[in-house]
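Chemist: how would this look folded up:
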Amino acid sequence: MPDTVSFGYEDVAPEEKTRRVGEVFSSVASKYDLMNDAMSGGLHRLWKDHFVRKVKPRAGEHILDMAGGTGDIAFRMAPSGAAITVADINPEMLAVGVERAAKRGIDGLVWSEANAETLQFPDRFFDAYTIAFGIRNVTDIPKALREAHRVLKRGGRFFVLEFSTTQWPGFAEVYDAYSHRLVPRLGQLLAQDAESYRYLIESIRRFPDMPTFERMIGEAGFVQTRVEPLLGGLVAIHSGWKI
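Modeler: Alright, predicted model coming up:
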């Protein structure tokens, strides 16, 4: 692991990032939908629907949804009949997910506090691994990618939904102005927390671009890696297979 890693626009020690990211998500857990609506203009719901259609969960499969504490992806996969483990490093996020599942009458999900870099699950256990809007907050991303590869069965599939860098001329500047100027203000107005929202926007800017992240997935051992840009790359779905 490098001596420093990015926390928004700051470079901090790895253990400092882990601690501070934990504080961010403890702060925003109860406002998770509000946070995603602010950062995506509400489009995150459509992106997640599309993401799950790409995953194609099936009955009898074991699927790990990492950084999925509030249940957004798991709830969409649950009707498939797959056995879904929802894992998150943050207990406050998991508590929100458990409460939301109870309100929706969704049973059968396994909720697990877990660090993406040091998973407690055995080798070659899951048929699919999903992570939506979580990988950029991991302290050691290459280590998390290697762990994802380890816990997947041969033939297992790996899917990431994450903010990226739009390549549409003009749109990048518009979104940049919206996100940097308005999102923290919305965070302060609606959640009394501008700083957490500011970090989340800055973390998008520091995340690797699509070709770089696709290469990182390949370096972790995945093959047939692909990337599908949405809104010109404002968001991207990355995927790969373990053979």
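Chemist: Asn115: neighbour count?
Modeler: By other CB atoms under 10 Å, the residues close to Asn115 number 18. Heads up, the C-betas are built off the backbone N, CA and C, glycines and all.
Chemist: quick check, it in a strand?
Modeler: No - counting by DSSP: H, G, I helix; E, B strand; the rest coil, Asn115 is not part of a strand but coil.
Chemist: how close does the nearest residue to it once chain neighbours are set aside get to Phe121?
Modeler: Using CB to CB, 6 or more residues apart in numbering and skipping the chain neighbours, the partner closest in space to Asn115 is Ile89 (5.0 Å). Ile89 sits at a distance of 14 Å from Phe121 (criterion: CB to CB, to the nearest Å).
Chemist: pick out whichever of the two has more residues nearby.
Modeler: For Ile89 versus Phe121, the count of surrounding residues by other CB under 10 Å is larger for Ile89: 23 against 18.
Chemist: who's in contact with that one?
Modeler: Ile89 is in contact with 22, 67, 113-116, counting by CB atoms under 8 Å, 6 or more residues apart in numbering.
Chemist: give me the buried entries from these.
Modeler: Buried members of the contacts of Ile89, counted by 16 or more other CB atoms under 10 Å: 22, 67, 114-116.
Chemist: output those residues as a markdown table; include the columns pLDDT and distance to Tyr175.
Modeler: Formatted as a markdown table, the buried ones among the contacts of Ile89 follow (pLDDT from 0 to 100; distance: CB to CB, whole Å):
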| residue | pLDDT | distance to Tyr175 |
| --- | --- | --- |
| Gly22 | 79 | 27 |
| Ala67 | 95 | 23 |
| Ala114 | 96 | 32 |
| Asn115 | 96 | 31 |
| Ala116 | 97 | 27 |
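Chemist: part of a strand, is Gly240?
Modeler: Yes - counting by three-state DSSP, Gly240 is located in a strand.
Chemist: what confidence value was assigned to it?
Modeler: Here, the pLDDT recorded for Gly240 equals 98.
Chemist: Ala132 now?
Modeler: Note on Ala132: pLDDT of 96.
Chemist: beta-bridge partners for it, please?
Modeler: Per DSSP bridges, residues listed as beta-bridge partners of Ala132: Leu161.
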